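> got a predicted model here, sequence first, then my questions.
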Amino acid sequence: MKKMLIYKENGEFVIERVSEFNHDSKQNFISEQGFLEGLQSYQQVMAEYELEVSDELWSLVINFLNKPM
């Protein structure tokens, strides 16, 4: 299954996607707003991914995903 890793690294928000072939792509965001916009772009396909969210961002991501589109 594809994975989406969501965490902070060096003060930046990171969305890292890992395919079932273990290839990855990583997007870094310097602001929370930019991060949420990036996350929003994946909302339509989020069900295709196994999510791994850091403890630090868990509540932010859950609250964002629970909002209606």
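That came through, no problem.
> tell me where this protein is predicted with low confidence.
69 (pLDDT under 70).
> how about the helices of this protein, start to end?
Here the chain has its helices, by DSSP state H, at 32-40, 58-66.
> starting at the chain centroid, how far to the last one?
Read it as helix 58-66. Here helix 58-66 is found 10 Å from its chain centre; the criterion is CA atoms, centre = their mean, to the nearest Å.
> relative to helix 32-40, how tilted is it?
Angle, helix 58-66 to helix 32-40, by axes from the mean of the first three to the mean of the last three CA atoms, to 10 degrees: 50 degrees.
> and the contacts of helix 58-66?
Residues outside helix 58-66 that contact it (CB atoms under 8 Å, 6 or more residues apart in numbering) are Ile6, Glu32, Leu36, Leu39, Gln40, Gln43, Met46, Leu51, Val53. The C-beta positions use only the backbone N, C-alpha and C, and glycine is treated the same way.
> now do 10 Å
Helix 58-66 is contacted by residues 6, 13, 15, 32, 35-36, 39-40, 42-43, 46, 51, 53-54, 57 when judged by CB atoms under 10 Å, 6 or more residues apart in numbering.
> which parts of that helix are buried?
Leu60, Val61 (16 or more other CB atoms under 10 Å).
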